[in-house]
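got a sequence here, can you build the structure:
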Amino acid sequence: LAALNAAGIGTDGQRGYHLLWYASVRGVTCLAPNVGTEQTFALLDEWAPDPARPERDEALAILTRRYVRSHGPVTAREFAGWTGLTLTDARRGFAAAGDTLAPVQVDGEEMLVDAELLDAPRTPVDDVLALPGFDEYLLGYRDRSLMLDPAHRDAIIPGNNGVFQPTIVHGGRVVGTWRRTIGKSRVTIKVTPLAAMDQPGTERALARYAEFRGLPYRVDWAR
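All right, here's what the predicted structure looks like:
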C-alpha cells in the first residue's frame, strides 16, 4: 500500500483492499504466509513459474470433477451457482468430465457423484461438528435442504443478508447455532438448539475450538 501511495495511487478507505483484490484475481499476486498477524502477498509468477494451462473444455472437466467429488451429489444448477458459470457451461463441464461422474437418484431427482464413490464402503455418519459461519458445507450449495430444515433458514441467515451463523451439525444435519465470546482467561460459547441435540457430543466438538484458542471454555445453553 505504501508503494501504491508513493506512486500517486491513493489507498484510502476501501480502495487499497480492492486494489489488492484486483491484483489477485488478475493473477498478478497470490496469498503468502502471514507474518505474525499481517497478511502478505507474493508474485504469482514467482510462486508458480510453470503453471498448467489447460484448454477450456479440459479446465471445465477438472473443475467439475473436483467440485462433484467434494460436494456430490449435485446438479448442474448447483455447480453453476457455486462457480458463477452459466448453466450451459456447467452442463458442458459435466459432459467434459465424462464417465468420471455417475448419476444417482436423490428424492426423485437425478444428481451426479464421483464414480469411484459408488463402490466405496458406506459408513454411518453420526459425528457432531461445530462449523464456522461461512463454512463450505452450507455455502457450497444453493439448495441446502439436504442439510438444513427450511424452517431453520432464518436462524442461520438472519434477515437473509448473506451473513451465515456458525452451526452445530449432527449426522449431516444442522441442529443448532453457536456464538463465542472470547475473554482474557476463558471463551464462553452460547449454543442455541434448533432441533434435538447431542449435548455431550456438542460440547466435545466445541472443546476442540477452545483448544485451538488455547483457553478453557464454558458452554451456555439457550432455552
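
what sits against the residue most central in space within the chain?
For the chain, Glu136 is the residue whose C-alpha lies nearest the centre (Cα atoms, centre = their mean; 1.9 Å). Taking Cβ atoms under 8 Å, 6 or more residues apart in numbering, we find Glu136 in contact with no residue. Glycine gets a C-beta too; all of them are placed from N, C-alpha and C.

where is the longest strand in the protein?
As assigned by DSSP state E, the longest strand anywhere in the chain is strand 173-182.

list the contacts of the helix or strand following it.
Once the chain leaves strand 173-182, the next helix or strand it forms, by DSSP states H and E, is strand 187-193. With Cβ under 8 Å, 6+ apart as the test, strand 187-193 has contacts from 155, 168, 175-181, 197, 202, 206, 209-210, 213, 215-222.

narrow these to those that are buried.
Buried by 16 or more other Cβ atoms under 10 Å: 155, 168, 175-178, 180, 197, 202, 206, 209-210, 215, 217, 219, out of those.

and the residues you listed, which two are the farthest apart?
Farthest-apart pair in these is Ala155 and Leu215; separation 26.5 Å (Cβ to Cβ).

what sits against the closest residue to Pro73 other than its chain neighbours?
Of all residues not flanking Pro73 in the chain, Met111 sits nearest, at 3.6 Å (Cβ to Cβ, 6 or more residues apart in numbering). Shown in contact with Met111 (Cβ under 8 Å, 6+ apart): Gly72, Pro73, Val74, Thr75, Pro103, Val104, Gln105.

hmm, the third one is touching Thr64, no?
So the one you mean is Val74. No. Counting by Cβ atoms under 8 Å, Val74 stays clear of Thr64, with 9.7 Å between them.

so these two - more neighbours on which side?
Thr64 (28 against 25; other Cβ atoms under 10 Å).

name the nearest residue to that one, ignoring sequence neighbours.
Closest to Thr64 by Cβ to Cβ, 6+ apart is Gly93, at 3.7 Å.

so what's the residue count around the one you found?
Gly93: 26 neighbours (other Cβ under 10 Å).

equivalent analysis for the one 3 residues further on, please.
Residue neighbour count, defined by other Cβ under 10 Å, stands at 19 for Ala96.

wait, it touches Pro54, no?
No. Taking Cβ under 8 Å as the definition, Ala96 is not a contact partner of Pro54, at 10.5 Å.

between the two, which contacts overlap?
By Cβ under 8 Å, 6+ apart, no residue touches both Ala96 and Pro54.
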